[in-house]
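the sequence and its predicted three-dimensional model are supplied below.
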Amino acid sequence: MFYIGCHLPAGKGYLHMGETAAAIGANTFQFFSRNPRGGTARALDLEDMASYNRLADELGIGTIVAHAPYTLNLCSDKAHIREFSQTILQEDLERLENIGRVVYNLHPGSHVGQGREQGILLIARALTDVLNKGFRTPILLETMAGKGSEIGGRFEDLARILDLVGAGCRLGVLMDSCHVFDAGYDLAGDLDGVLDLFDRTVGLDKLGAFHLNDSLHGLGSKKDRHAKIGEGKMGLSALVRIINHPRLSDLPFNLETPNDLDGYAAEIKLLKANRS
Ligand code: FE
Ligand code: FE
Ligand code: ZN
């Protein structure tokens, strides 16, 4: 099954997102769990969540992706930001217990000068705490472009965190094609090589979802600027190879390209036509 969708505005609730996804030919989608630059959440609407679950079953919508706000930083140098981040993370997971098929997408964090190792330790500690509460929804750490002091720009960062948290937890990785490429892994020129490296470092079995984006800047630029499919430095054929790769083809693919709904509908159609 090919699960393809895009980032959608969450303002009108789950049922509305499900209907919007269906209208643009998507069978997965992504949304911000709450205000991406603040932390405020919509009122909890259990009715809306239940209606969405029914719609998702009816329409065959697969696993959807709740993206954490950008303001979370589990490895901030400020204790109150770390605490805020962990509280939000936990609250989001509590709410997501009401959604049938969903994963939680989190940027690992930025160590803001404390050093990579300290950052990794703080992230692992916070995640261990939250994962011990036993929520159903898996947390997927996103592969990052490696801007500034971002953790997760190297596969080893993610491997270390997973290792520290320990096996058997609902913790995995979400791969963002633009970020991986910008981080210096040539997903466009050597897909098999990068996937082999990821497999040896992190494990492909840990991969739970994919962000499909072209990149405005070149390999290793560390810029993290998404481009429309086929209009960036990766190119359409590279992205088509990704959606058709036998080791990736069952993952939910979501677009985070600079598009309105019509643009997303067109990219979804293009990718469906290129799925073998
Ligand atoms: Fe992200
Ligand atoms: Fe992303
Ligand atoms: Zn990005």
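All right, it came through fine. Ligands and ions are numbered 1, 2, ... in the order given.

show me which positions of stretch 235-249 end up buried.
By 16 or more other CB atoms under 10 Å, the buried positions in stretch 235-249 come out as 235-236, 238-243, 248. The way it works is simple: take the backbone N, C-alpha and C, and place the C-beta from them, glycine included.

where do the helices sit along the stretch 51-200 of the chain?
Counting by DSSP state H, counting those that start in this stretch, one finds helices in the stretch 51-200 of the chain at the ranges 79-96, 116-131, 155-165, 177-182, 191-201.

quick one: is the fourth one near ligand 2?
It refers to helix 177-182. No: using CB under 5 Å from the ion, helix 177-182 stays clear of ligand 2, with a minimum separation of 6.2 Å.

list of residues touching that helix?
By CB atoms under 8 Å, 6 or more residues apart in numbering, the list of residues contacting helix 177-182 from outside reads 142-146, 153, 187-188, 194, 210-215, 217, 219-227, 232-234, 239, 242, 256.

quick one: contacts for residue 217?
Applying CB under 8 Å, 6+ apart, one finds that residue 217 lies in contact with 182, 223, 225, 233.

helix or strand: which one has it?
When secondary structure is defined by DSSP states H and E, residue 217 falls outside every helix and strand.

swap in residue 242?
For residue 242, the element it lies in under DSSP H and E is helix 236-244.

just want the angle from that helix to helix 191-201.
Computed by axes from the mean of the first three to the mean of the last three CA atoms, to 10 degrees, the angle separating helix 236-244 from helix 191-201 equals 40 degrees.

and the very next helix or strand once past helix 236-244, how far out from the chain middle?
Moving toward the C-terminus from helix 236-244, the first helix or strand encountered (DSSP H and E) is strand 252-255. On the basis of CA atoms, centre = their mean, to the nearest Å, strand 252-255 sits 9 Å off its chain's mean C-alpha point.

with only the CA atoms kept, save strand 252-255 in CSV.
Extracted C-alpha coordinates of strand 252-255, given in CSV (Å, rounded to 0.1, in the frame of the first residue of the first chain):
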residue,chain,number,x,y,z
PRO,A,252,3.7,6.8,5.5
PHE,A,253,5.2,9.5,3.2
ASN,A,254,4.2,13.1,4.0
LEU,A,255,5.1,16.2,2.0
